[in-house]
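>>> here is the input, now give the coordinates:
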Amino acid sequence: MDATLNAESRTQHQEDPWTLRESGWQEDKMHDRDFNPAAPYHGVEEPDIEFEFAASNFPVTEGQFVKVLNPNTNPVRILYKVKEEVFEVEGWGLTVPLEDFPKLPKEIGRRFLQLYCSSQDGTLSRDDEDALALVSQQIDYRGFAASRLIPRRLEATLVRTEPVAFLEFLDDKREKLPRELTEKLEVLKPGDRFAAYFQLNGDGKVLDIRHVDLLPRLETVDPETVFDSFKG
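Predicted coordinates:
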């Protein structure tokens, strides 16, 4: 049955990644045992059903989505608990009633946001810490965190443009730019100093550059001249 559900969920995902034919669940439940309303029920419980969720990204907020890192090797797994008629996202601390299955992608995104925000303000419970440990292995947590960083206005000098572009910031840190960002500085020449809003990731790598302002070049100062001025 797992294979059937997986195949059905993947086929449906190609048509609409957010829905699954709800009628299929009722049909499966009736076919799992020879259903006869007149026959006595002997208390045989139906097994829970596990399947991999076909969607590989989930909506969060402000038009953002979080993506599954490795949908083939480490997918988000769903357990349908037949007796309770609920879907449980394994390890996430999230359950959704059967009738709300179409809302499951949004509920997954909401749960991710809850865990992320609690981790940022230090209010994670012990259970949520365990959930976040699993979630961060399945979902691109670092990428989402980087996208939430506020751009910073920094000053830098364009050191060179060929064969790759390098910037030098005021703290003497040098950063190699991806080629697509080099195009944003195409009117600048090596040695030009500028200010801009830099989008950085958690490791300080430049993700984006916006609103470039050209600044006067810093004059080279001879240390001996400065020392002589103090002596005088």
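
>>> please report phi then psi for the residue nearest to residue 81 when sequence neighbours are not counted.
Excluding the flanking residues, the one nearest residue 81 by Cβ to Cβ, 6 or more residues apart in numbering is residue 48, at 5.2 Å. From N, CA and C alone the C-beta is placed, and that goes for glycine too. With angles defined as degrees, to the nearest 10, residue 48 sits at phi -70, psi 160.

>>> name the helix or strand of this protein that has the lowest mean pLDDT.
Here the helix or strand of the chain ranked lowest by mean pLDDT, DSSP states H and E is helix 22-32, holding a mean of 38.

>>> quick revisit: would you enumerate the residues in contact with the residue nearest to residue 81?
Going by Cβ atoms under 8 Å, 6 or more residues apart in numbering, residue 48 touches 79-82.

>>> re the thing from before, pLDDT averaged over the helix or strand that the least confident helix or strand of the chain is followed by - what is it?
Going down the chain from helix 22-32, the next helix or strand is strand 49-52, by DSSP states H and E. Summarised as a single mean, pLDDT over strand 49-52 is 90.

>>> ranking the contacts of residue 48 by neighbours, who comes first?
residue 80 (21 neighbours; other Cβ atoms under 10 Å).

>>> including secondary structure, pLDDT and distance to residue 142, could the contacts of residue 48 go into a markdown table?
Shown next, in a markdown table, are the contacts of residue 48 (DSSP: H, G, I helix; E, B strand; the rest coil; pLDDT from 0 to 100; distance: Cβ to Cβ, whole Å):
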| residue | secondary structure | pLDDT | distance to residue 142 |
| --- | --- | --- | --- |
| 79 | strand | 95 | 27 |
| 80 | strand | 95 | 31 |
| 81 | strand | 94 | 32 |
| 82 | coil | 93 | 37 |
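
>>> which one of these is nearest to residue 211?
Within these, the smallest distance to residue 211 is 48.3 Å, found for residue 79 (Cβ to Cβ).

>>> what number of residues lie near the closest residue in space to the closest one that isn't next to it in sequence?
Distances taken as Cβ to Cβ, 6+ apart put residue 88 closest to residue 79, at 4.5 Å, once the chain neighbours are dropped. Residue neighbour count, defined by other Cβ under 10 Å, stands at 18 for residue 88.

>>> so what's the backbone phi/psi at residue 88?
In terms of degrees, to the nearest 10, the main-chain angles of residue 88 are phi -120, psi 130.

>>> which residues touch the strand or helix carrying residue 127?
Assigned by DSSP H and E, residue 127 belongs to helix 126-138. Helix 126-138 has contacts (Cβ under 8 Å, 6+ apart) with 68-70, 74-76, 91-93, 112, 115, 118-119, 124, 141.

>>> 6 Å instead, please
74, 76, 91-93, 115, 118-119 (Cβ atoms under 6 Å, 6 or more residues apart in numbering).

>>> how about stretch 144-157?
So stretch 144-157 is contacted by 66, 167-170, 193, 195, 197-199, 201-202 (Cβ under 6 Å, 6+ apart).

>>> list the buried ones in that stretch?
Using 16 or more other Cβ atoms under 10 Å as the test for burial, stretch 144-157 gives 144, 146, 154, 156-157.

>>> among those residues, which are in strands?
154, 156-157 (DSSP state E).

>>> would you turn these into TSV with distance to residue 61 and pLDDT?
Formatted as TSV, those follow (distance: Cβ to Cβ, whole Å; pLDDT from 0 to 100):
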residue	distance to residue 61	pLDDT
154	27	93
156	31	94
157	37	94
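
>>> closest to residue 180 out of those?
Distances from residue 180 to these, taken by Cβ to Cβ, are shortest for residue 156, at 17.3 Å.
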